[in-house]
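1. kindly return the folded structure for what I paste below:
(2 chains)
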Protein chains: 2
Amino acid sequence: MPTIARSVIRVAAGAALLGLALLGVATPAAAQPAAAQPAAAQPDIEVHRAAAERLIAAALRDSAAYARLTQLVDRHGNRPSGSARLERAIDWIVAELERDGFDDVHTEPVRVAHWVRGAESATLLTPRVAALPMLGLGRSVGTPPNGITAPALVVRDFAELRRRASEARGRIVVYNHPFDTTANPFVAYSQAVQYRAYGVDSAAALGAVGVLIRSVTPHSLRTPHTGGLSYADTARRVPRIPGAAITVEDAEMLQRLQDRGERLTVRVTMGARTLPDAPSRNVIAELRGSERPDEVVVIGGHIDSWDVGQGAVDDAGGSVVAWEALRLIKQLGRPKRTVRLVLWTNEELGLSGALAYRDAHRAALANHVLAMESDNGVFAPSGLLFSGAEGGLPLVRRIASLLHGVGVDSVALSGPEADVWALNDRGVPTIAINTDPSRYFWYHHTDADTADKLDPREMARCVAVMAVIANTVANMDGRLHGPTPASP
Amino acid sequence: MPTIARSVIRVAAGAALLGLALLGVATPAAAQPAAAQPAAAQPDIEVHRAAAERLIAAALRDSAAYARLTQLVDRHGNRPSGSARLERAIDWIVAELERDGFDDVHTEPVRVAHWVRGAESATLLTPRVAALPMLGLGRSVGTPPNGITAPALVVRDFAELRRRASEARGRIVVYNHPFDTTANPFVAYSQAVQYRAYGVDSAAALGAVGVLIRSVTPHSLRTPHTGGLSYADTARRVPRIPGAAITVEDAEMLQRLQDRGERLTVRVTMGARTLPDAPSRNVIAELRGSERPDEVVVIGGHIDSWDVGQGAVDDAGGSVVAWEALRLIKQLGRPKRTVRLVLWTNEELGLSGALAYRDAHRAALANHVLAMESDNGVFAPSGLLFSGAEGGLPLVRRIASLLHGVGVDSVALSGPEADVWALNDRGVPTIAINTDPSRYFWYHHTDADTADKLDPREMARCVAVMAVIANTVANMDGRLHGPTPASP
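-> Sure, this is the predicted structure:
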């Protein structure tokens, strides 16, 4: 799940987006007036160019990152929170990190949500019998063993649901909200994902008995996309009804049938259950700084995934890119500040790994000089997204100048990625890699999220970007300008 | 199934392609020396331009073809040979054709192959347990109820299988032959589909107990593609072993695991059965010619499909395009020659509809002045593919000049489409529409072959092309030059 999803989940259902900074659609930095800074305060970046060039050459030399990715995901598959697969993958990673010879390889305990899918299916019963490929949504309640059979009501959006409120009682509401293929994919996602996140409560409030959403994607080969839903009404004034995603194709077919006056009947069966929270772990390894070991550059990704596909794009790829960046920095020699790899658990189902890291390191956050997560797919990098004080942009731009050789040509202000949001919120500056967004949502939360969707050369370029930024920030005079802390 | 598939199925396993004319990769007509013809013998085509322009305007005026397509496939779903769904779809079409007021609406009986899929699954058991999405291949035998569990041997091609012949005994052979994404998709298909068509016999001859093929496609979202296999060894010197398609993603994953030295074990369970041949029907409707009713222009598509998706691209789309072309010609007025719509049954599993039409109309074939099938996807049209005497090309090119307004700019010699091959073989000239081939094999024989993959405007352009050609050939002085009959 990328930043925007986490942000959107905090938006009230049906409300307009709250002017959030959207990853991938950031305000161009060129349009931002840079705060005046005394020239003397600006660290010299050029002294780091030789190291940057060595890191870039090392990253592009082979397909080491891609090889590690395939070892991880072919061996362990997907890694949902609460699963034995996730914990086995963590064990394997820890052993590999130790073999790599990093400092202080360890795990930190996290309690994670434990939702299991169970057997599930959706079937159109009238006007004809047809299987509807589906995936239940994370956190959804299940159905009775024989499922729920009900007439369906297809609506395009919340506004249409309100207009047809009197028709919703006793029905399965089908949200057929299209993904805007003319917009930046992350913006289109932020709009369409509201139906996945909040559709259940809005329908249940009108007496609906279940919800099916059109999968949130610009491209489908009859591909259902899972993801989390939220029962936002914690007071439980409305009942919790099950929610699942069907394919774009079938949402459109149901729309056509309804538009032709056919009466739709659908059966949905879901064995979904939420079990007690389970033990999991964040994974940590570092290169201890030679001069200022207490000052920390965090790089990482999230090691959990949805329970479909291989969780390769989201986010084994980002995790491995950060890991490889640490390995290349180690080859270069110990940095002045500490560079720490953090592989967060439970990004997809509650961010409890991110919160646990923040809480465990609360006293040290003021010395976290940068946090970088890679969670937008390690596709071709084109720029950097900075979340910090606007006045810090010129320095980020000068650091980025070390990266022209791998295609990084722009720096923009943007919101942080999901797992570093909790750090950014406390004043830690964050940088994300702006990667090609065109195919990310084709695979997002599907069985098609597999290693072959990533390109070894593009991954290597992402490794170069992360290694150069982390190494430069860990060695440079001065620090990046963090945002004003929102929380104490 | 497009032409090339039918052609390739006749090629011996592993042999080089026999110089077949490949649909979509035809020899450019411009490079062909046109046989000299007396100018006086060339019919006047310009007199048909006004009618052509009226047909084009009528076709592009609305989305009638797309609306009919969705009515057909949303109501009836896919239509495999032998199924009640196919026969119900045929009943509905006949009633609609009668309502349209065509002449001589009727069906002609055909015995069709009746293969049923049954429950099926494939599972990787070692080095880890993972479901492998799959589709059994048409005509395949099933497995015992508990499936076949065996070590897997992954090979890239028949040559590698021969080199590793000693390792095949007792194994499930996985053909991981890639689809050449740099070639014309129909050429790439013709190469890769050999493993689907003939892989079983080649593996069984070495003692293999089952076959999995990499799905034949340039693009996958973990999408299995079915299609027919052939037990070519009719003498049954080798046992018939089951064959199924897995996804590109999983074929690549199995390859990687094997390359890393892992021992692969796979379980394949298939309830596939071949039942006794079943009754089906070709559907026929026509506009009887006002002057030469015994001379016939045939237009059509195939109404059967695979048992996945909606069979919309393959080939409800082509069927509806031909049907709409007939409707528009009717609005223009009765043509001089007869224009006959033929919707063939059982294209996908034996071509018995095509053969039955040929045999039932054997005495009239000499007066079949043209046969057009649309079975390459009714995507954007760009040209015409002619199978007839080379000397006939200039006339086809002059007819094509009526179609510049809908994007038809080229005429080439090419092999006939599948259902009109049996007519072409007897000397009937054929024309196919050359449509954009780029996405055809994304959907081909999958659950993703649904109505939304076709564009109403592109379909309307295909209707215009078919209507103009059929109407012009039905009304012009003189006839197209057919090929030299290959069969008596």
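
2. so which residues on the stretch 101-250 of chain A come close to chain B?
-> Residues of the stretch 101-250 of chain A found near chain B, taking C-beta under 8 Å from any C-beta of the partner chain as the criterion, are A:127-128, A:130, A:133, A:219-223, A:248-249. Glycine gets a C-beta too; all of them are placed from N, C-alpha and C.

3. in helices, which of these fall?
-> A:248-249 (DSSP state H).

4. farthest pair within the residues of the stretch 101-250 of chain A next to chain B?
-> Across those, no pair lies farther apart than A:127 and A:219, at 27.9 Å, counting by C-beta to C-beta.

5. which strand or helix spans residue A:434?
-> Residue A:434 is part of strand A:430-435, with elements assigned from DSSP states H and E.

6. chain center to that strand, what's the gap?
-> For strand A:430-435, the distance from its own C-alpha centre to the chain's C-alpha centre is 12 Å (C-alpha atoms, centre = their mean, to the nearest Å).

7. state the mean pLDDT of the helix or strand following it.
-> Towards the C-terminus, the helix or strand next in line after strand A:430-435, according to DSSP H and E, is helix A:440-443. With pLDDT averaged residue by residue, helix A:440-443 scores 98.

8. which parts of the helix or strand just after helix A:440-443 are buried?
-> Past helix A:440-443, further along toward the C-terminus, the next helix or strand under DSSP H and E is helix A:456-475. Within helix A:456-475, the residues that count as buried by 16 or more other C-beta atoms under 10 Å in any protein chain shown are A:458-475.

9. again, but for stretch A:428-445
-> So for stretch A:428-445, counting by 16+ other C-beta under 10 Å, buried means A:428-437, A:440-445.

10. for the helix or strand where residue A:325 lies, packing partners?
-> Using DSSP H and E, residue A:325 falls within helix A:317-332. The helices and strands touching helix A:317-332, judged by 3 or more C-beta pairs under 8 Å, 6 or more residues apart in numbering or on different chains; DSSP states H and E, are helix A:49-61, helix A:64-76, helix A:84-100, strand A:273-287, strand A:292-302, strand A:337-344, strand A:368-373, helix A:456-475.

11. what's the closest of those to chain B?
-> Nearest to chain B among those is helix A:64-76 (5.5 Å), distances taken as C-beta to the nearest C-beta.

12. show me what that closest one is packed against.
-> Here helix A:64-76 touches helix A:84-100, helix A:317-332, helix A:456-475, helix B:248-259, going by 3+ C-beta pairs under 8 Å, 6+ apart.

13. wait, which of these is closest to residue B:153?
-> Comparison of the helices and strands packed on helix A:64-76 against residue B:153 by C-beta to C-beta identifies helix B:248-259 as nearest, at 7.9 Å.

14. gap between the closest one and the chain center?
-> Relative to the centre of its chain, helix B:248-259 is centred 29 Å away, using C-alpha atoms, centre = their mean.

15. avg pLDDT for it?
-> Averaged across helix B:248-259, the pLDDT comes to 98.

16. which is the next helix or strand following that helix?
-> Towards the C-terminus, the helix or strand next in line after helix B:248-259, according to DSSP H and E, is strand B:265-270.
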